[in-house]
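Chemist: model this:
(chains A and B)
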Number of protein chains: 2
Amino acid sequence: MSDAAAAVDPYLDRTARERLEEYQAFLRIPSISALSEHAGDMRTAAEWLAERMRAIGLEHVEVSPTAGHPVVYGDWLHAEGAPTVLVYGHYDVQPVDPLELWVRPPFEPRIEDGRIYARGAADDKGQIHLHLWAARAWLETKGRLPVNVRYLFEGEEESGSVNFDAWLQANRQRLGADLAVISDSGFFQGNVPAITIGLRGLMYAQIDVTGPSQDLHSGTYGGNVQNPANALAVILAGLRDPDGTVAVPGFYDEVRALSEAERREFARLAFDEDGMARETGVPALFGEPGFGALERRGARPTLDVNGLWGGFQGEGSKTIIPAHAHAKVSCRLVPDMDPKRTFQRVRDHVAALTPPGVRVETQLISDGLWSLTGIDHPATRAAAQCLQEVFGQSPVYLREGGSIPAAASFGSMLGLPVVLLGFTPPDDHAHSPNEFMTLANYEGGIRTIARYWEALASALAR
Amino acid sequence: MSDAAAAVDPYLDRTARERLEEYQAFLRIPSISALSEHAGDMRTAAEWLAERMRAIGLEHVEVSPTAGHPVVYGDWLHAEGAPTVLVYGHYDVQPVDPLELWVRPPFEPRIEDGRIYARGAADDKGQIHLHLWAARAWLETKGRLPVNVRYLFEGEEESGSVNFDAWLQANRQRLGADLAVISDSGFFQGNVPAITIGLRGLMYAQIDVTGPSQDLHSGTYGGNVQNPANALAVILAGLRDPDGTVAVPGFYDEVRALSEAERREFARLAFDEDGMARETGVPALFGEPGFGALERRGARPTLDVNGLWGGFQGEGSKTIIPAHAHAKVSCRLVPDMDPKRTFQRVRDHVAALTPPGVRVETQLISDGLWSLTGIDHPATRAAAQCLQEVFGQSPVYLREGGSIPAAASFGSMLGLPVVLLGFTPPDDHAHSPNEFMTLANYEGGIRTIARYWEALASALAR
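Modeler: Reported below is the predicted structural model:
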């Protein structure tokens, strides 16, 4: 029997009541990062967290300033010779509108039918809190952790993590680690344990088409001057084929084909495509032929127009040839695509598609790497084994379509493999009224993390 | 020698000073229809005009209300058996920004080097005023006009003539006429006399593409949901061929081919295409192959995107699949196109181009008929003869690309042929600082109109 199972589990069993009280105290702090009237609450939440971290024996605990809300840092680095894990979560929460749809006020937690309801119960205070208790259980029962751990709790994840990269860049020298663990994700449909092994990257650009030096009268000039809005449409239409595949030459050159094993893994996941169509309100899903919806979301790149504008947008009519027209265009990227190279290809294709009579400029606005930590990675295998042990089911492996800024930064700036090990139920109402966490997932999460530290000590042994 | 030449010309010669004083008085009233702080000035200008019309002997003079600025009406209907002419002009003027570019204040007329500078000197107060003096000269010298004339002076032409059609509809029963003469145009390059014989019509529509019921996260849903902005681009791109011709099936079916004579007439007009490119700031003109710039402007239909919008338009990036995307699209129409039928064709082609996964709706916003009064029309011939006599040059015949709302309404609502006989110099700075009229064109205009009434009496004799 592992130390975690032998010592940690009984400790956790007998401290459940204290833990739940503390969890609710944390949830009562309305730490909404996006609303300036909650700046004081943000500070309170950060201090509360730092105080708890110090109390359980973490070291170098500090509320570290950024240009926005602070990052809370703490570590325990006495597992000599053992690997070092960077743990990421966030203590800020989403706004609560529409308030009238909450059954109870969002910052007055209630426990009902094995669930704890409150804003942040799942996303992400509950998952920070379970990390604190996994560490506390080890330190209280064995006086040590099996691995070295650095905790990084951000305060702006729900506001776009706008200052996190700068903080990471400034502190990267003191963040040496072997692995990043992010607990900000959840289980799959039906509450099946899940490990998110992949996230897509991003290339975001703006296309500016300019023609005449000012808007022209479409009567006087129509027929003799290329129209930048028509030209923009031609350019955007030329970026994709009618079946949804991207028409940019070379776009797919570095895309890693899915292996048979990966396709089997995707196929194993029953996914309700009709449900997704209903939920989004579209007549039917639409995407690249030859792939399932989960493959298209997790393992295939995309090109989407995120916005476009130019000329007259008001009520009624204004008969102009607009002087310019614009679009925001972004690509979701998968292994092994390079964001910069993708940008160059898109830019070149835009130039090639541009009709005569207008000028075009394409600029890169932002980009971020994809991340993928394979099913066979020792850190993934160890996580799977712990989930199986605690929840009695082997996990499914997810590749998500979005980006988590922190995950991309840990990969690209710190060069770390990233394991996304989260415990929220799939219908947790994160970002919506009546957010909740199941107590079973919360308690199981603590026991999984406690085991994971022990398993990583041997899985990542140098 | 005609009566006009024998009696009217000498009268005009000896009244030049009084006329110029009165012209300047009219120009001093800052009748900017678009700016509400000038509402009082608009009223003053209308009353000034009505007073002058009464003073010279016009009858039924009234300042006739609309939902906006009034129409000033007056007539002289004692030419028994002679045709009736409807004369149209407008007493409102454009705003004067940027004021700092005016050499003298825009409402303090100055006469310099044979020009009169002021806002409205050319567009269109000068041209209204010359009509008043053509009538006055006849009435003072001969006690009659050779034709019946109804004068309609609008107060909202520079604000889109938004209430004019309603006024016309309400008053059509009492506006019986044989011909409409609009003096709101000008001479050709090099100050060559010109008659505008044609105007294009208009079909203006809005295309709305809708997809998901709200904006979606492009990471979570990108690859599985049709993007309304991409779809809109496909639709708009499919409306034209790369060479600029319109790709809507049947679009050209009713387009009247230019005759050899018409093409010769267009070819006779030396037109500075490079100058148009320079003036508009485009790298080069662009349009339907096989036609010259003037033919494309006056005699060929177009399809232009006047505006488009959807999704994120701010600074930076927002990774959404927009819920909807929109465009304003309009066509300039030429003989013998039908605006309603053109709309149906565009709507049907939009539907055919719409990719799967989104819904589309196309709605007609406004339309207007083209107008064309042939070179051989007796009213055109008579005008040409008078211009030749006064200015010593035979006029060129222009087909303009825009629509004059009043011209379209006279054609479609009153069923009248329309002659656009205007006298402004081609570089008159209408709508810009330092607008001017040349005194030669102004004086010649009065003499041309005086002759025209006499010529029409026989040209349109019943």
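
Chemist: contacts, neighbours, all on C-alpha from now
Modeler: Fine.

Chemist: wait, what's in contact with residue A:122?
Modeler: Residues counted as contacts of residue A:122 (CA atoms under 8 Å, 6 or more residues apart in numbering or on different chains) are A:424, A:428, A:430, A:435-437.

Chemist: Relative to residue A:408, how far out is residue A:417?
Modeler: 10 Å (CA to CA, to the nearest Å).

Chemist: ok, and of the contacts of residue A:122, which contact chain B?
Modeler: The subset of these within reach of chain B, by CA under 8 Å from any CA of the partner chain, is empty.

Chemist: Strands - which of the residues you listed land there?
Modeler: Secondary structure defined by DSSP state E assigns A:436-437 of the contacts of residue A:122 to strands.

Chemist: Save the contacts of residue A:122 as TSV, and put in pLDDT too.
Modeler: Converted to TSV, those look like this (pLDDT from 0 to 100):
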residue	pLDDT
A:424	96
A:428	90
A:430	87
A:435	95
A:436	97
A:437	98
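
Chemist: from the contacts of residue A:122, which is closest to residue A:281?
Modeler: Distances from residue A:281 to those, taken as CA to CA, are shortest for residue A:430 (20.0 Å).

Chemist: OK, contacts around the residue lying closest to the closest one once chain neighbours are set aside?
Modeler: Using CA to CA, 6 or more residues apart in numbering or on different chains and skipping residues adjacent in sequence, the residue nearest residue A:430 is residue A:123, 6.0 Å away. Residues near residue A:123 by CA under 8 Å, 6+ apart: A:93, A:184, A:424, A:430.

Chemist: Would you mind giving the secondary structure of residue A:123?
Modeler: Of the three states, residue A:123 takes coil according to DSSP: H, G, I helix; E, B strand; the rest coil.

Chemist: Quick check: the gap between it and residue B:260.
Modeler: Taken as CA to CA, the span from residue A:123 to residue B:260 is 76 Å.

Chemist: re the thing from before, roughly how far apart are the residue nearest to residue A:430 and residue B:384?
Modeler: Using CA to CA, residue A:123 is found at 81 Å from residue B:384.

Chemist: For residue A:243, what are phi and psi?
Modeler: Phi and psi for residue A:243, reported as degrees, to the nearest 10, are phi -80, psi 0.

Chemist: low-scoring pLDDT stretches of chain A, where are they?
Modeler: For chain A, the stretches flagged by pLDDT under 70 are A:1, A:462.

Chemist: how's it carved up into domains?
Modeler: In terms of domains, chain A is parsed into A:3-199+A:370-459, A:201-255+A:301-368 (source: automatic domain parsing).

Chemist: you'd agree residue A:378 is up against residue A:459?
Modeler: Yes. Between residue A:378 and residue A:459 there is a contact under CA atoms under 8 Å: 5.7 Å.

Chemist: Now do the same contact list for residue A:364.
Modeler: Residue A:364 makes contact with A:203-206, A:343, according to CA under 8 Å, 6+ apart.

Chemist: Report the secondary structure state of residue A:328.
Modeler: Following three-state DSSP, the label given to residue A:328 is strand.

Chemist: Correction: the previous question concerned residue A:144.
Modeler: Applying three-state DSSP: residue A:144 is coil.

Chemist: What sits closest to it if chain neighbours are left out?
Modeler: Nearest one to residue A:144, counting by CA to CA, 6+ apart, is residue A:138 at 6.0 Å.

Chemist: How many neighbouring residues does that neighbour have?
Modeler: Number of residues near residue A:138 (other CA atoms under 10 Å in any protein chain shown) recorded here: 25.

Chemist: In terms of helices and strands, where is it?
Modeler: Assessed by DSSP states H and E, residue A:138 sits inside helix A:125-142.

Chemist: Of all the residues in stretch A:420-435, which ones are buried?
Modeler: Neighbour counts using 16 or more other CA atoms under 10 Å in any protein chain shown place A:420-426, A:428-435 of stretch A:420-435 among the buried residues.

Chemist: Tell me the secondary structure at residue A:43.
Modeler: Classification of residue A:43 using three-state DSSP returns helix.

Chemist: Let me see the contact set for it.
Modeler: Counting by CA under 8 Å, 6+ apart, residue A:43 touches A:69-70.

Chemist: how close does it get to residue A:57?
Modeler: Applying CA to CA, the value for residue A:43 to residue A:57 is 21 Å.

Chemist: which residue sits closest to the most centrally placed residue in chain A in space, ignoring its chain neighbours?
Modeler: Centroid-nearest residue in chain A: residue A:404, 2.7 Å away (criterion: CA atoms, centre = their mean). Spatially, and ignoring its direct neighbours in sequence, residue A:404 is nearest to residue A:199 (7.5 Å; CA to CA, 6+ apart).

Chemist: got the contact list for that neighbour?
Modeler: If you count contacts by CA under 8 Å, 6+ apart, then residue A:199 has A:298, A:334, A:370-372, A:399-404 around it.

Chemist: And residue A:26, by the same measure?
Modeler: The neighbours of residue A:26, taking CA under 8 Å, 6+ apart as the test, are A:45, A:48, A:125.

Chemist: same thing but 10 Å
Modeler: Taking CA atoms under 10 Å, 6 or more residues apart in numbering or on different chains as the contact definition, residue A:26 lies against A:20, A:44-45, A:48-49, A:91, A:107, A:109, A:120-121, A:125-126, A:129.

Chemist: buried set for stretch A:329-341?
Modeler: For stretch A:329-341, using 16+ other CA under 10 Å, the buried residues are A:329-340.

Chemist: for stretch A:175-183, same thing?
Modeler: Quick answer for stretch A:175-183 (16+ other CA under 10 Å): A:175, A:177-183.

Chemist: can you check stretch A:276-288 too?
Modeler: A:276-277, A:280, A:282-288.

Chemist: Indicate whether that stretch makes contact with chain B.
Modeler: Yes. Using CA under 10 Å from any CA of the partner chain, stretch A:276-288 comes into contact with chain B via A:276-288.

Chemist: how far is stretch A:296-314 from where the chain is centred?
Modeler: 20 Å (CA atoms, centre = their mean, to the nearest Å).

Chemist: For it, buried residues please.
Modeler: Going by neighbour count (16+ other CA under 10 Å), the buried part of stretch A:296-314 is A:296-313.

Chemist: same question, stretch A:86-98
Modeler: For stretch A:86-98, by 16+ other CA under 10 Å, it's A:86-96.

Chemist: same thing with stretch A:98-114?
Modeler: For stretch A:98-114, burial by neighbour count (16+ other CA under 10 Å) applies to A:102, A:105-107, A:109.

Chemist: Over to stretch A:369-383?
Modeler: A:369-375, A:377-383.

Chemist: Output these in TSV, with secondary structure and distance to chain B appended to each entry.
Modeler: As requested, those are exported to TSV (DSSP: H, G, I helix; E, B strand; the rest coil; distance: CA to the nearest CA, whole Å):
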residue	secondary structure	distance to chain B
A:369	coil	13
A:370	coil	12
A:371	strand	14
A:372	strand	15
A:373	coil	18
A:374	coil	20
A:375	coil	21
A:377	coil	25
A:378	helix	27
A:379	helix	25
A:380	helix	23
A:381	helix	26
A:382	helix	27
A:383	helix	24
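
Chemist: Which members of these are the farthest-apart pair?
Modeler: Farthest pair in the buried residues of stretch A:369-383, by CA to CA: A:369 and A:382, 24.7 Å.

Chemist: Can you flag which of the buried residues of stretch A:175-183 belong to helices?
Modeler: Assignment to helices by DSSP state H places none of those there.

Chemist: Now do the longest helix seen in chain A against helix A:125-142, angle only.
Modeler: Of all segments of type helix in chain A, defined using DSSP H, the longest is helix A:439-459. Put simply, helix A:439-459 runs at 60 degrees to helix A:125-142, going by axes from the mean of the first three to the mean of the last three CA atoms, to 10 degrees.
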